[in-house]
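1. just need the structure, nothing else, for what follows:
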Amino acid sequence: MKFAHFAHVWGKRGMSPHARYEQLWRELALADEVGFDYGFSVEHHFTPNESWMSSPNLYAVAAAARTKRLRVGAMGHVVALHHPVRLLEEIALTDQLTGGRTEVGLVPGILPAYFEPYKASFPDRREVTLEFARFMKAAYAGDGHVTWDGKRIPYTNFDLSVMPLQRPHPPMWLETRDIPTLEFCAREGLHTGYFLMFPRAKAKERYAPYLAGWKAAGWPGTPNIAFSTVVYVDETYQRALDVALADAANAYKGFFSYSDDKDEIRRKQVETAEYFLARGEPDSAEITMNILDPEYLLKHELILLGTPDTVAKQLRAWSVEGSFNTFFGEFNFGEMAEDDLMRSIRLFGTEVIPQLRDYEPI
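-> Residues are numbered from 1 along each chain as shown. Sure, this is the predicted structure:
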């Protein structure tokens, strides 16, 4: 298995963005020291009361400068918000500046509020994202001269000043549970993954054709399939609950509202649940309606809290149940004290990862 320190870079009360990032660099330096494979961030916009991460290429360069071996990048770039040529140039330069340690995650984006200030088309976002994946692969495959005339990306006949260090291109990811998009990922050789909102038992069935498609396309090895949730590790189970359970239950409140208005939050939960029901995903709708309930999260094993041995045991079982081989752990959530945060990261790296490093769930 492989392991990522994953960060929304959630804002902290009483902490400036500068101070929050200085804390993040300390987290990543420790994660690098104790054996994590990756350091990944989201790309979020216009959410001052939630995420302070709007430029993941800056994150990747700064993270690489403070670590020695972590592979870093976005999970992922909201492609439709970027000029495709500019994004192409930035990714190539980021790979050079990180010494070839860049991983490239691409996402269509799920919040219309991100798109309006950019004057970007929300309905076209998935088509733009899929075409950009092909555009990027084609652009990096040659000597730097780009010839492309796509439907969504009509840019052609130019020369890149800088090519990526990794050839033909850095590893690419597109986290999705959408069946046609998974077919695309298997065909094009993109890693993938999902979030706790999608039940692991359903994921096993959903990702089986992707794994078969990867093999049929002739890609080497096994692709990375990631699962993401919050995680806290401590010396006793009770202490893990005492420190982290309340914050874990509030970690994803920003998905629905940035205020503390319970009625508004509930209305947004209902709207999101109705969206999942319309997609034929009643289990995701149920999780949505209960994701802020700590007892529900524990009972349904949607968050990862415990001692190193219990966390390792759960991850081993979850990875089989949910057909994933990479874990994206969100360690810094809520108002957790830094001493607790760093102890959790250290225990995960020194006592959880060694138990699972050679384990191959898929």
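2. give the contact list for Leu297.
-> 248-249, 290-291, 303 (C-beta atoms under 8 Å, 6 or more residues apart in numbering). Yep, even glycine has a C-beta here, placed from its N, CA and C like the rest.
3. show only the entries of those found in helices.
-> 248-249, 290 (DSSP state H).
4. still on that earlier bit, just the contacts of Leu297 now: which is nearest Phe198?
-> Here the nearest of those to Phe198, counting by C-beta to C-beta, is Ile291; it sits at 12.2 Å.
5. just the pLDDT for that closest one.
-> Listed pLDDT for Ile291 reads 94.
6. and the gap between it and Lys119?
-> According to C-beta to C-beta, to the nearest Å, Ile291 and Lys119 sit 32 Å apart.
7. widest-spaced pair of the contacts of Leu297?
-> Distances among those were taken as C-beta to C-beta; the most separated pair is Ala248 and Asn290, at 13.1 Å.
8. so which strand or helix has the nearest residue to Arg206 once chain neighbours are set aside?
-> Nearest non-adjacent residue to Arg206, counting by C-beta to C-beta, 6 or more residues apart in numbering: Arg177, 5.7 Å away. Following DSSP states H and E, there is no helix or strand that holds Arg177.
9. count the neighbours of Arg177 for me.
-> Neighbour count for Arg177, taken as other C-beta atoms under 10 Å: 20.
10. try Arg126
-> Arg126 has 19 neighbours, counted by other C-beta under 10 Å.
11. what packs against the helix or strand harbouring it?
-> Using DSSP H and E, Arg126 maps to helix 125-141. Counting contacts by 3 or more C-beta pairs under 8 Å, 6 or more residues apart in numbering; DSSP states H and E, helix 125-141 is packed against helix 84-97, strand 102-107, strand 172-173, helix 179-188.
12. any chance you could list what contacts the longest one?
-> Spelled out, that is helix 84-97. Residues outside helix 84-97 that contact it (C-beta under 8 Å, 6+ apart) are 57, 60-61, 64, 73, 77, 79, 101-102, 104, 128, 132, 135-136, 139-140, 146, 153, 155, 158, 160-166, 170.
13. mind listing what the nearest residue to Phe333 once chain neighbours are set aside touches?
-> Nearest residue to Phe333, sequence neighbours excluded (C-beta to C-beta, 6+ apart): Ala251, at 4.2 Å. If a contact means C-beta under 8 Å, 6+ apart, then Ala251 has 10, 230, 330, 333-334 as its contacts.
14. cross those residues against strands and list the overlap.
-> Counting by DSSP state E, the contacts of Ala251 place 230, 330 in strands.
15. give me whichever of the helices and strands packed on helix 125-141 is most buried.
-> Of those, the one with the most neighbours on average (mean count of other C-beta atoms under 10 Å) is strand 102-107, at a mean of 25.
16. what's the average pLDDT for it?
-> If you average the pLDDT over strand 102-107, you get 98.
17. how far does it sit from its chain's centre?
-> Relative to the centre of its chain, strand 102-107 is centred 9 Å away, using C-alpha atoms, centre = their mean, to the nearest Å.
18. which residues touch it?
-> Contact with strand 102-107 is made by 38, 40, 43, 60, 64, 71-79, 91, 94-95, 129, 132-133, 136, 164, 166, 169-175, 190, as judged by C-beta under 8 Å, 6+ apart.
19. pull the distance from the helix or strand just after it to the chain's centre.
-> As assigned by DSSP H and E, the chain's next helix or strand after strand 102-107 is helix 112-115. In terms of C-alpha atoms, centre = their mean, the centre of helix 112-115 is found 19 Å from the chain centre.
20. in helix 112-115, which residues are buried?
-> Neighbour counts over helix 112-115 (16 or more other C-beta atoms under 10 Å) mark 114-115 as buried.
21. what of stretch 295-308?
-> By neighbour count on 16+ other C-beta under 10 Å, the buried set for stretch 295-308 is 297, 300, 302-308.
22. with stretch 113-123 instead?
-> By neighbour count on 16+ other C-beta under 10 Å, the buried set for stretch 113-123 is 114-115, 120, 122.
23. identify the residues contacting the residue lying farthest from the centre of the chain.
-> Centroid-distance maximum for the chain: Asn157 at 33.2 Å, with C-alpha atoms, centre = their mean. Taking C-beta under 8 Å, 6+ apart, we find Asn157 in contact with 145-147.
24. among those residues, which one has the lowest pLDDT?
-> Lowest pLDDT within the contacts of Asn157 is found at Thr147 (92).
25. the nearest residue to it once chain neighbours are set aside: neighbour count?
-> Computed as C-beta to C-beta, 6+ apart, the closest residue to Thr147 that is not its neighbour in sequence is Thr156, at 5.4 Å. Neighbourhood size, Thr156 [other C-beta under 10 Å]: 11.
26. so what touches stretch 200-219?
-> With contacts defined as C-beta under 8 Å, 6+ apart, stretch 200-219 is touched by 177, 179, 182-183, 185-187, 189, 192, 194, 198, 222-223, 225, 227, 281, 283, 318, 321-324, 362.
27. change it to 7 Å
-> Applying C-beta atoms under 7 Å, 6 or more residues apart in numbering, the external contacts of stretch 200-219 come out as 177, 182-183, 185-187, 189, 192, 194, 223, 225, 283, 318, 321-323, 362.
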